[in-house]
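1. 3D model of this:
(one chain, ligands or ions: 1)
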Amino acid sequence: MTKEHCKLQMPNTSDVSNLEIQKGTLGPDVIDITKLYHEKSLFTYDPGFVSTASCRSKITYIDGDEGVLLYRGYPVEQLAKSSNFIEVAYLLLYGELPNKSMLNDFSESIIHHTMLNEGMLRLFNGFRYDAHPMAMVSAIVGSMSAYYHDTMDINSARAREIFAHRIIAKLPTIAAAAYKHSVGQPFMYPSNSLSYCENLLHMFFSVPAENNNIDPVAVEALDLLFILHADHEQNCSTSTVRMAGSSGANPYSAIAAGISALWGPAHGGANEAVLKMLVEIGSKKNIEKYIARAKDKDDPFRLMGFGHRVYKNYDPRAKIIRDMCHKVLNQKGRADSPLLELALALEDVALNDEYFIEKNLYPNVDFYSGIIYQALGIPTSMFTVMFAIGRTVGWVAHWREMITDPNGKISRPRQLYIGEKERNYINLDNR
Ligand code: CMC
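-> Below you'll find the predicted structure:
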């Protein structure tokens with residue numbers, strides 16, 4: 001862009017001073033630019049949506065400077081201590097904590113939607129034995145639109161309700177089927193006598209010949225991890241779900257799009273990447289070398305599980321997960337886990353390093369979660385699937401909010417075009 005161009009396009013203060021400022025209940029004010037293009041023929045430029053509120057939402061609030069995370073106004077620390085995942089799912093979906101009978105009805109409905117159509121189970125046979133579980137899970141969730149036609153009408157409140165319960169209930173079953181496919185074991189059907197997390201452990205680790213003894217600490221750890229992963233306002237995968245759904249696409253396709261977005265290592269794929277990184281670092285004596293690599297602009301290596309777009313303080317979820325790590329490892333008799341020791345030492349070095357201090361880079365939700373999953377016997381390639389199980393609740397809550405928003409529009413960003421100006425086609429012989 002030339003300077004002259006800049007001058008011509010720059011609005012003077014009076015041009016933009018009449019833009020409306022909107023105030024939320026918490027957080028920074030927002031400049032409403034919805035009329036900017038029609039009135040001033042201007043777009044805004046904000047790659048990565050660093051300064052852009054893409055929607056109005058009542059679901060989750062983050063104060064990144066203070067390290068605060070609220071679900072429907074409730075601090076995540078309180079929910080992690082006193083609630084459980086199914087209650088948190090209800091809260092995120094419906095906006096209020098349920099009373100006993102509401103919670104009971106919701107739990108019963110989730111339990112009674114856990115089975116998969118047998119045709120979907122057969123789809124797994126089409127995947128290679130070494131297919132990444134995220135590839136299978138996103139494909140199978142996408143395929144749900146081919147099986148559950150009764151919930152395809154996005155304008156029906158009843159269809160949206162059944163969809164919500166169905167997808168939350170079936171994600172653990174789909175995850176377990178992906179796992180069983182990868183280890184070549186027969187699929188285990190869900191059991192209605194078990195809770196959400198007990199059922200997941202049963203479907204993962206039982207075999208037809210023998211039921212797995214369900215470890216209460218494993219149940220507690222999974223429930224906590226799902227609460228902490230349940231929602232995180234307009235993150236990449238949630239924004240993807242909203243964007244895909246804004247076209248009127250069926251909700252299963254929108255969630256499948258979200259699962260695909262989650263897979264990336266800058267997002268949910270970071271939990272798998274953290275564990276691989278810790279294994280690669282191998283020992284405390286190599287920490288300085290990897291910290292130096294993370295700081296080197298010519299090296300693509302980043303400290304995985306560190307940094308966040310919104311948190312410029314310790315991620316409150318990481319603190320809670322770090323404590324649960326100790327509990328799980330103690331219970332497994334692995335209090336001196338070399339992996340946890342390495343992670344703690346790495347955190348310590350990074351938090352005292354000028355580069356990480358100056359850029360406000362702290363451990364995020366993905367830094368410690370993999371150590372818990374590994375201690376529970378869940379393979380590394382399944383870590384991001386575990387994240388997806390928890391986040392499905394948030395995706396559904398946001399999809400429902402988006403689809404029922406009276407001001408809802410198809411998501412369709414504009415661009416700053418920097419390509420060729422119009423030119424004439426040249427015949428092949430003349431090029
Ligand atoms: N290691 C080394 N340097 C880093 C890191 C890191 N993990 N994260 C950010 N930086 C540097 C980055 O190089 C940049 O430096 P400079 O200003 O000199 O160019 C500065 O910090 C700001 O980073 P950014 O990439 O502009 O920040 P962002 O908000 O666009 O990205 C992030 C956020 C999470 C993608 C990034 O911090 C990152 O790649 N972290 C590692 C991957 C990770 O752990 N992802 C999980 C995120 S939390 C859970 C989730 O969202 O699913």
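
2. how about the helices in the stretch 1-150 of the chain?
-> 3-9, 13-17, 36-40, 76-82, 85-94, 100-111, 118-123, 133-143 (DSSP state H, counting those that start in this stretch).

3. With mean neighbour count added, can I get those in a markdown table?
-> In this view, the C-beta of every residue, glycine as well, is placed from N, C-alpha and C. Below are these laid out as a markdown table (neighbours: other Cβ atoms under 10 Å):
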| stretch | mean neighbour count |
| --- | --- |
| helix 3-9 | 9 |
| helix 13-17 | 10 |
| helix 36-40 | 13 |
| helix 76-82 | 17 |
| helix 85-94 | 22 |
| helix 100-111 | 14 |
| helix 118-123 | 14 |
| helix 133-143 | 22 |
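
4. among the ones you listed, which is nearest residue 417?
-> Nearest to residue 417, of all the helices of the stretch 1-150 of the chain, is helix 3-9, at 12.6 Å by Cβ to Cβ.

5. Show the average pLDDT along that closest one.
-> Taken as a whole, helix 3-9 has a mean pLDDT of 45.

6. Show me which residues of the lengthiest helix in the chain are buried.
-> Ranked by residue count and defined by DSSP state H, the top helix of the chain is helix 157-183. Buried residues in helix 157-183, counted by 16 or more other Cβ atoms under 10 Å: 159-160, 163-182.

7. on that earlier part again, for the helices of the stretch 1-150 of the chain, could you give me TSV that also reports distance to residue 275?
-> Listed next are those as TSV, based on distance: least, Cβ to Cβ, whole Å:
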stretch	distance to residue 275
helix 3-9	47
helix 13-17	48
helix 36-40	45
helix 76-82	22
helix 85-94	23
helix 100-111	30
helix 118-123	28
helix 133-143	14
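
8. right, so of these, which gets closest to residue 372?
-> helix 76-82 (13.5 Å).

9. Could I get the buried residue list for stretch 368-377?
-> Buried-residue list, stretch 368-377, by 16+ other Cβ under 10 Å: 368-376.

10. Any chance you could list what contacts it?
-> Residues outside stretch 368-377 that contact it (Cβ atoms under 8 Å, 6 or more residues apart in numbering) are 201, 205, 218, 221-222, 225, 271-272, 274-275, 278, 305, 318, 321-322, 324-325, 328-329, 332, 334, 337, 339-340, 343, 380, 382-383, 386-387.

11. Just the buried residues from those, in ChimeraX please.
-> Selection of buried members from the contacts of stretch 368-377 for ChimeraX, criterion 16+ other Cβ under 10 Å:
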select :201,205,218,221,222,225,271,272,274,275,278,305,318,321,322,324,325,328,329,337,339,340,343,380,382,383,386,387
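
12. Give me the subset of the contacts of stretch 368-377 that lies in strands.
-> With DSSP state E as the criterion, strands contain none of the contacts of stretch 368-377.

13. Quick check: which of the contacts of stretch 368-377 are also close to the ligand?
-> Residues of the contacts of stretch 368-377 in contact with the ligand (Cβ under 6 Å from any ligand atom): residue 305.

14. from the protein, which residue is nearest to the ligand?
-> residue 307 (2.3 Å; Cβ to the nearest ligand atom).

15. how about the residues of this protein near the ligand?
-> So the chain meets the ligand at 48, 235, 266-268, 270, 294, 302-309, 359, 361, 364-366 (Cβ under 6 Å from any ligand atom).

16. Put the buried members of the residues you listed into a ChimeraX selection.
-> Selection command for ChimeraX covering only the buried members of those, criterion 16+ other Cβ under 10 Å:
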select :235,267,268,270,294,302,303,304,305,306,307,308,361,364,365,366
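
17. Okay, now stretch 245-258: how far is its last residue from its first?
-> With Cα to Cα, to the nearest Å as the measure, stretch 245-258 spans 10 Å from end to end.

18. buried ones in that stretch?
-> Buried, per 16+ other Cβ under 10 Å, within stretch 245-258: 245-246, 250-258.

19. Save those residues as CSV, and put in secondary structure and distance to residue 53 too.
-> Below are the buried residues of stretch 245-258 laid out as CSV (DSSP: H, G, I helix; E, B strand; the rest coil; distance: Cβ to Cβ, whole Å):
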residue, secondary structure, distance to residue 53
245, helix, 18
246, helix, 15
250, coil, 27
251, helix, 23
252, helix, 27
253, helix, 25
254, helix, 20
255, helix, 23
256, helix, 26
257, helix, 21
258, helix, 19
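
20. For the residue of the chain closest to the ligand, which non-adjacent residue is spatially closest?
-> residue 361 (4.4 Å; Cβ to Cβ, 6 or more residues apart in numbering).

21. Check residue 141 too.
-> The shortest distance from residue 141 to any non-neighbouring residue, by Cβ to Cβ, 6+ apart, is to residue 256 (4.6 Å).

22. wait, isn't the one you found in contact with residue 138?
-> Yes - in this structure, residue 256 is within contact of residue 138 by Cβ atoms under 8 Å, at 5.0 Å.

23. Tell me who's in contact with residue 351.
-> Taking Cβ under 8 Å, 6+ apart, we find residue 351 in contact with 357, 362.

24. ugh, wrong one, I meant residue 102
-> residue 90.

25. at 6 Å what do you get?
-> By Cβ atoms under 6 Å, 6 or more residues apart in numbering, residue 102 lies in contact with nothing.

26. Likewise for residue 65?
-> Contacts for residue 65 (Cβ under 6 Å, 6+ apart) come out as residue 312.

27. Distance check, it against residue 364.
-> Computed with Cβ to Cβ, to the nearest Å, the distance linking residue 65 and residue 364 is 15 Å.

28. With residue 18 instead?
-> For residue 18 relative to residue 364 (Cβ to Cβ), the value is 40 Å.
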